[in-house]
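In: Below: sequence and its predicted model.
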Amino acid sequence: MKILGIDTSTKFLSIGILDNAKIYEYNLELGRKHSSLLAVSIKRVLDALGWRGSDVDYFACGLGPGSFTGVRIGLSAIKGLGWALKKPLVGISTLDILAQNARLADKRHVSVVPALDAKRSFIYCSVYKNKEGPLERTMPYALVTLDEFFKKIKPNSIVLGDALTLYKDQILKNIRGTRILEKDYWYPVGRSIVSLALEKIKKNKIDNVFSIKPIYLYPKECQIKKY
């Protein structure tokens, strides 16, 4: 089985490849250059493996929450590939992808909290139970203020994600026993995208170009300006 997965919802472009039992990844900090470099990067990865797009069995994509523009760029690319090559798609929450980083850094059975900067003094977050087997999400994907975040997160949790760029000191002060992972773990990585995609495929949780949707937690009304 061959899977190509991407996530463009943060400042990093994360690409993962599953080639049967082998996993490859390509993670590159692009800032706001996803639109100009995504297609080039996918081609570069495929060329390095000697693949054509038609060799891929499934295309996977991080659905957000995250940068509105970034999510749309990634999802549009994957939908275009799926449509053109008539391949099935797999959508995965970026928070699910990010939470997997805690498994790479810490094996303790504690709560894992991915926290992404949602701008406007909000945080995208969820909570996962780190246990044997797949992580278990114990809280819905949420858009919260910092004060709400303090109330939802239990003591002694592992917190990771780019919201820490802004709120690290306050989180350490207000949530007892919090462990903050290093910056290398604050962004999605390619291996986690394809690993989660494989789990979904095994459970037959597969999308297509019509059913796959981005995860936007902001209400639609937040984009409407009143004069």
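Out: Received, thanks. What you see is a predicted model, and the numbers here were worked out from it, not measured in a lab. Residues are numbered from 1 along each chain as shown.

In: Go ahead and measure how far stretch 7-16 is from the middle of the chain.
Out: The chain centre lies 8 Å from the centre of stretch 7-16; the measure is C-alpha atoms, centre = their mean, to the nearest Å.

In: Check which residues of that stretch are buried.
Out: Using 16 or more other C-beta atoms under 10 Å as the test for burial, stretch 7-16 gives Asp7, Thr8, Ser9, Thr10, Lys11, Phe12, Leu13, Ser14, Ile15, Gly16. Yep, even glycine has a C-beta here, placed from its N, CA and C like the rest.

In: Those residues: which two are farthest apart?
Out: Maximum pairwise distance in the buried residues of stretch 7-16, criterion C-beta to C-beta, is 17.4 Å, between Lys11 and Gly16.

In: which ones are touching the residue nearest to the spatial centre of the chain?
Out: The centroid of the chain falls nearest to Thr94 when counting by C-alpha atoms, centre = their mean (2.1 Å). Applying C-beta atoms under 8 Å, 6 or more residues apart in numbering to Thr94 gives the contacts Asp7, Ser9, Thr10, Gly62, Leu63, Gly64, Pro65, Gly66, Val71, Leu116, Pro188, Ile215.

In: Excluding covalently adjacent residues, which one is nearest to the fourth one?
Out: Leaving aside its sequence neighbours, Gly62 sits nearest to Asp7 (C-beta to C-beta, 6 or more residues apart in numbering; 3.1 Å).

In: Please apply the same query to Glu29.
Out: The shortest distance from Glu29 to any non-neighbouring residue, by C-beta to C-beta, 6+ apart, is to Phe12 (5.4 Å).
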